[in-house]
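Enquirer: Quick one, structure for this:
(one chain, ligands or ions: 3)
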Amino acid sequence: MKQILCERPHHLRMLEAEMPQPKEGEALIRIRRIGICGTDLHAFRGNQPYFTYPRVLGHELAGVIEAVGENQWGLKTGDQVAVIPYIECGTCIACRNAKPNCCTGMSVLGVHLDGGMQEFLSVPCDHLIPSTGLPLDHVALLEPMSIGAHAVRRSGVEPGETVLVIGAGPIGLTVMAFARQRGARVLAMDINKERLAFSQSWAKVDATINASEQSMERIVHLTNGDFPTIVFDATGNAKSMMEAFQYVAHGGKLVFVGLFKGDVTFSDPEFHKREMTLMSSRNATREDFLQVMSSAASGEIDLESFISHRVPFDHMIEHYESWTQPQSKVRKVIIELP
Ligand SMILES: NC(=O)c1ccc[n+]([C@@H]2O[C@H](COP(=O)([O-])OP(=O)(O)OC[C@H]3O[C@@H](n4cnc5c(N)ncnc54)[C@H](O)[C@@H]3O)[C@@H](O)[C@H]2O)c1
Ligand SMILES: [Zn+2]
Ligand SMILES: [Zn+2]
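Expert: Ligands and ions are numbered 1, 2, ... in the order given. Okay, here's the model as predicted:
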């Protein structure tokens, strides 16, 4: 089978690899679509923390079951499936508390384990979600969309609440869309005007804020001096994450969806006087995937116009470098396999 291997930073190579041999409880998946995200691009550029090479990238996956044994989930050959790429240990404190998304020994397909940039992949049956009826492209978007759905669910957003989402990249956009779906009034902040415009047209946010222009005054104005009761940071930018503390209403919450490799510091008096709740949000669970799938099926979330680029698997390598450049205006690339 064909496989694209990231041998080392800046080196992708197509090669002929052995077919995977499914173990007990696994199904053999014929990969049909792969979504490309920041993680895949950072891994290629060599600036993804804790990454080891060589690695087969790809964790946003849609496929069809090629072979599966007897199983308790009713999965059968020919079923179209989404893949939950977070492989948890099943026994740690987080797993025992139904939080496999933050397992102490987490291995993510395409990050810590080989992923889906190959014609076939073996996946544990309990990490597959039947998705027949949903377009394949949309199935590949369930994973990134679930990141936003999870952060929103975790934050407990209530209808009518004013929330601020900092960072209008693919991840921030998904947070905005699901916060809107829950009835929140959503303010989007970024330094990129085109991304702010897309937040308005796609996620239907209520107002946008240019972070490089007097954002504090604008937030005060837009909230009548109350400030947003939930602030999500989806920038992965340390300065933004530290500044986010000052935008949270008294009694409010700050949710870090974006992450960076380093320390976040903040003023305890500013934190304390607000009785602020600080949360991180990591990955997603099956529940989030199912919520996204039903929102996509009902048309509440528009997955089609989230896709900015489509490229066949055989041509992926020649385009890959360009997606790391801002001028490519990549939001979501979908790689197509026959
Ligand atoms: N929680 C999770 O499980 C999870 C999953 C995937 C990705 N992530 C993280 O989410 C973050 C966002 O991912 P993405 O793919 O959308 O990234 P991205 O780089 O495409 O988007 C980040 C956005 O933040 C904006 N930004 C940067 N600095 C800013 C500032 N100071 N003020 C306002 N806006 C600013 C950028 O202009 C950009 O539009 C990354 O840190 C990524 O690692 C988290
Ligand atoms: Zn991703
Ligand atoms: Zn675990």
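
Enquirer: can we go C-alpha only for contacts and neighbour counts from here?
Expert: Will do.

Enquirer: got the residues of this structure near ligand 3?
Expert: Glu88, Cys89, Gly90, Cys92, Cys95, Cys103 (C-alpha under 5 Å from the ion).

Enquirer: can you give me the helices for the stretch 1-150 of the chain?
Expert: Per DSSP state H, counting those that start in this stretch, the stretch 1-150 of the chain carries helices over the ranges 38-45, 93-96, 136-155.

Enquirer: before we move on, back to that, among the residues of the chain next to ligand 3, name the buried ones.
Expert: By neighbour count, with 16 or more other C-alpha atoms under 10 Å, the residues of the chain next to ligand 3 hold Glu88, Cys89, Gly90, Cys95, Cys103 as buried.

Enquirer: To what extent is Ala151 buried, counted in neighbours?
Expert: 26 (other C-alpha atoms under 10 Å).

Enquirer: Roughly how far does it sit from Ser308?
Expert: 24 Å (C-alpha to C-alpha, to the nearest Å).

Enquirer: Could you do Leu290 as well?
Expert: Leu290 is 24 Å from Ser308, by C-alpha to C-alpha.

Enquirer: And Leu187, by the same measure?
Expert: Counting by C-alpha to C-alpha, the separation of Leu187 from Ser308 is 23 Å.

Enquirer: Of these two, which one has the most company?
Expert: Remark: of Leu187 and Ser308, Leu187 carries more neighbours, 25 against 13, as counted by other C-alpha under 10 Å.

Enquirer: didn't the more buried one look like it was pressed against Lys204?
Expert: No. In this structure Leu187 lies outside contact range of Lys204 using C-alpha atoms under 8 Å: 9.9 Å.

Enquirer: count of neighbours near the closest residue in space to Gly63 that isn't next to it in sequence?
Expert: Residue nearest to Gly63 in three dimensions, not counting chain neighbours: Ile31, with 4.3 Å by C-alpha to C-alpha, 6 or more residues apart in numbering. When neighbours are counted by other C-alpha under 10 Å, Ile31 registers 25.

Enquirer: how much space between the residue nearest in space to the middle of the chain and Glu217?
Expert: Nearest to the mean C-alpha position of the chain, by C-alpha atoms, centre = their mean, lies Pro144 at 2.9 Å. To Glu217, Pro144 is 32 Å away according to C-alpha to C-alpha.

Enquirer: and what of Ser305?
Expert: For Ser305, the distance to Glu217 - C-alpha to C-alpha - is 32 Å.

Enquirer: and what of Ser294?
Expert: From Ser294 to Glu217 the distance is 38 Å (C-alpha to C-alpha).

Enquirer: Just want to know which of these two has more residues nearby.
Expert: Taking neighbours as other C-alpha under 10 Å, Ser294 and Glu217 compare with Ser294 leading, 14 against 10.

Enquirer: Look at Gln214 and report its pLDDT.
Expert: pLDDT, Gln214: 89.

Enquirer: quick one, what contacts it?
Expert: Neighbour list for Gln214: empty [criterion: C-alpha atoms under 8 Å, 6 or more residues apart in numbering].

Enquirer: burial count for Gly133?
Expert: Neighbours of Gly133 (other C-alpha under 10 Å): 9.

Enquirer: Show the pLDDT at it.
Expert: For Gly133, the predicted pLDDT is 92.

Enquirer: all helices for the stretch 151-300 of the chain, in order.
Expert: Under DSSP H, counting those that start in this stretch, the stretch 151-300 of the chain gives helices at 170-181, 193-202, 215-222, 238-243, 268-273, 286-297.

Enquirer: if I look at Gly169, how far off is Asp233?
Expert: Gly169 is 11 Å from Asp233, by C-alpha to C-alpha.
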